[in-house]
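K.L.:
3D model of this:
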Amino acid sequence: MTYQKKDSRRLSPIKNLRWWIGGMLFASTIVNYIDRQTLSALAPFLKRDYGWTNEDYALIVISFRVAYSIGQTVLGRLMDRVGTRMGITITVTWYSIVAMLTSLAGGLQSFAFFRFLLGLGESPNWPAATKAVSEWFPRRERGWAVALFDSGSSIGAAIAPALVIWLYHAFGGWRPAFIVTGMLGFLWLIAWRMLYHLPEQHPRISQEELKMIMDDRKDALASENVMYADQPPPSWSTLLRLPQTWGIIAGRALSDPVWFFIADWFMIYLVSKGFSPEDTLVAFWIPFVAADLGNFAGGGFSSFLINRGWSVRRARTAVIIFGSVGMTMLIPTAFMSNLFAIAGLFAISTFAYATLCTMVLVLPSDLFKSNSVATVSGLSGTAAGILTIASTFLVGWVSDRYSFTPILIVASLLPLIGMALMLIFIRNSKHTGKGILLKI
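P.N.:
Just a heads-up that it's a prediction; the model follows:
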């Protein structure tokens, strides 16, 4: 069967266009995380300048998380309605402007205000990117594709401290760092607007690649006898009645707070161990590079297993178990005093987290049709955000009064609970093949 593209312009096709799209999503996540991590990298200096405690800093982080949690569901739904191209354009424009405006902050309240706005703008990135993967990649490649875009978070988190601290010293203050990092999103938007369209509308896609994408889409829906034509997404209440939705929510809600603890507090944790911010840079990047490798290991291994004949569910489950167990390596770090030993154990944990996270992020596209992928992803993001808010407050309170040791123990155990709930809820059931759920 020959698929006809809706756009009639005659332009030479781009080979493997879907991977160029994946590269754009990867770059977007890097920019997203650099903007997000600018505050974390500057936290030791800001705490000194403004006299903040860990609880004060936690309040600023929480303001971001509140907006991020709200936005995951509300704006995830918007992504399903306005489409990926326009939705991501809006969100990147928003958070880039807000990142630059943060340079105007003058104290605890104003920082909290700008972080709230930043969290709102950044929240749709993962739901929208997951939706883009479902639009452009066959199921056997989605593990790789999600690994690619999600790896941008660890790359951005690794780049941000070195870049931001260099900007801080180069300009003699923290305000220019927010302006420079905020500008990156506008540069990315130029390429995004030029490159991204739906496969069936793209003027630069080859007939072979279009056929592969459309055939996979047709095969995924064949068991339901439902056409892929545009349909309104199912309601939130309908989605929340499905155990598969709750499996995805549990997996993300009980693992994401651990990552955000590392991303937001790792520098402060190392300072609490007696290291200066400048001295930690030689090892700070190690856990984030490990997370980047973990994204590709998780996505690649699950795709390998699928190509070897494993069912999608079995392949995803194998990686989920590995990732959840591997995150327990945070516990020994509480008893270490060597910088590289701490970074190494954190690296094992972040590698394991990234393998798990890749599976949790790809599951909405495995289980749900494209018109509800961003909504389900957003619901899981909101649940993760709520628990991250609670955990952020507790991290500040516990670390000021006791130490980071109980925090590290709890952070190691939560993903095991999430794993158990995913294994219980994510399976083919009586709901499969009834217009919403795909067979896994």
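
K.L.:
name the residues of the helix or strand in which L148 is found that come out as buried.
P.N.:
Following DSSP states H and E, one finds L148 within helix 139-171. Across helix 139-171, burial judged by 16 or more other Cβ atoms under 10 Å covers 139, 141-161, 163-165, 167-168. Just so you know, the C-beta spots here come from the backbone N, C-alpha and C atoms, and that holds for glycine as well.

K.L.:
W265 against V395, yeah?
P.N.:
Yes - the criterion here is Cβ atoms under 8 Å, and W265 meets it with V395 at 6.1 Å.

K.L.:
have a look at those two and say which one is more surrounded.
P.N.:
The residue with more neighbours, out of W265 and V395, is V395; 27 against 24, by other Cβ atoms under 10 Å.

K.L.:
who are the contact partners of G381?
P.N.:
G381 makes contact with Y68, S69, Q72, T73, G76, S123, W126, P127, R252, D256, according to Cβ atoms under 8 Å, 6 or more residues apart in numbering.

K.L.:
gap between the fourth one and F275?
P.N.:
I take that to be T73. Look at T73 and F275: by Cβ to Cβ, to the nearest Å, they are 38 Å apart.

K.L.:
more neighbours, the two?
P.N.:
Under the criterion of other Cβ under 10 Å, the comparison of T73 against F275 puts T73 first, with 23 against 19.

K.L.:
correct me, but the more buried one touches G378?
P.N.:
Yes - with contact defined as Cβ under 8 Å, T73 reaches G378; the gap is 4.5 Å.

K.L.:
just how off-centre is the helix or strand of the chain with the lowest mean pLDDT within its chain?
P.N.:
Ranked by mean pLDDT, DSSP states H and E, the weakest helix or strand in the chain is helix 277-284, scoring a mean of 76. Relative to the chain's own centre, helix 277-284 is displaced by 24 Å; criterion: Cα atoms, centre = their mean, to the nearest Å.

K.L.:
list the contacts of it.
P.N.:
41, 44-45, 158, 161-162, 165, 266-267, 270-271, 339-340, 342-343.

K.L.:
just these now: which is nearest M100?
P.N.:
A41 (16.4 Å; Cβ to Cβ).

K.L.:
grab the nearest non-local neighbour of that closest one.
P.N.:
Once flanking residues are discounted, A41 sits nearest to V164: 3.9 Å by Cβ to Cβ, 6 or more residues apart in numbering.

K.L.:
show me the contacts for that neighbour.
P.N.:
Shown in contact with V164 (Cβ under 8 Å, 6+ apart): Q37, T38, A41, L42, A177, T181.
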